[in-house]
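S.K.: sequence first, predicted coordinates after that:
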Amino acid sequence: MKIKPIKTEQDYEKALKRLEIIFDAEPNSSEGDEAEILTLLIENYENKEYPIEAPDPIEAIKIRMEEMDLKQKDLVGLIGGKSRVSEILNKKKRLTVDMIRELEKKLNISASVLVNHYQLLTEK
């Protein structure tokens, strides 16, 4: 087992090929340990080279609504009346701190995602 940090795209491709070969190795075997370490190195390289940006707060809400099979009307009372919900989801108004707190509790979306800046339609 010769493992080294992944610094280049070539190192990355080589690590992926090796992992593919030893992927089903027995846990706690030398190849199993190698697979575990390679996985960590690959993940670290991918996080640095191919970061995935968090969706803007409104997109995060819409994604969670879809996951939970919720409709716009299901947010009425949670973040305001029917027109307020529409304004928020259509990016005409910003989320307030109270709305963020409620959405964090009810939809289980991190407040750190909900407080991110997003562009209102009127700002274009």
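M.R.: Perfect, I can see it now.

S.K.: now the residue nearest to residue 39 when sequence neighbours are not counted: how far from residue 52?
M.R.: Closest residue in space to residue 39, ignoring its immediate chain neighbours: residue 19 at 6.7 Å, by C-beta to C-beta, 6 or more residues apart in numbering. Heads up, the C-betas are built off the backbone N, CA and C, glycines and all. As judged by C-beta to C-beta, to the nearest Å, residue 19 and residue 52 stand 20 Å apart.

S.K.: ditto for residue 99
M.R.: In terms of C-beta to C-beta, residue 99 sits 25 Å off from residue 52.

S.K.: who has more neighbours, residue 19 and residue 52?
M.R.: For residue 19 and residue 52, the more surrounded residue by other C-beta atoms under 10 Å is residue 19, and the numbers stand at 18 against 7.

S.K.: name the nearest residue to the most centrally placed residue in the chain, ignoring sequence neighbours.
M.R.: The C-alpha lying nearest the average C-alpha coordinate of the chain belongs to residue 54 (C-alpha atoms, centre = their mean; 5.3 Å). What sits nearest to residue 54 in space, not counting adjacent residues and going by C-beta to C-beta, 6+ apart, is residue 113, at 5.5 Å.

S.K.: burial count for the one you found?
M.R.: Using other C-beta under 10 Å: residue 113 sits among 18 other residues.

S.K.: neighbouring contacts of the top helix by length along the chain?
M.R.: Criterion DSSP state H: the longest helix present in the chain is helix 30-49. The contact list for helix 30-49 (C-beta atoms under 8 Å, 6 or more residues apart in numbering) reads 1, 3, 5-6, 9, 11-12, 15-16, 18-19, 22-23, 25-26.

S.K.: show me how to select, in ChimeraX, the buried members of those.
M.R.: Selecting only the buried entries of these in ChimeraX, with 16 or more other C-beta atoms under 10 Å as the criterion:
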select :6,12,15,18,19,22,25
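
S.K.: could you break the chain into its assigned domains?
M.R.: 9-49, 57-123 (automatic domain parsing).

S.K.: make a markdown table from the ones you listed and add mean pLDDT to it.
M.R.: Listed next are those as a markdown table, based on pLDDT from 0 to 100:
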| stretch | mean pLDDT |
| --- | --- |
| domain 9-49 | 94 |
| domain 57-123 | 94 |
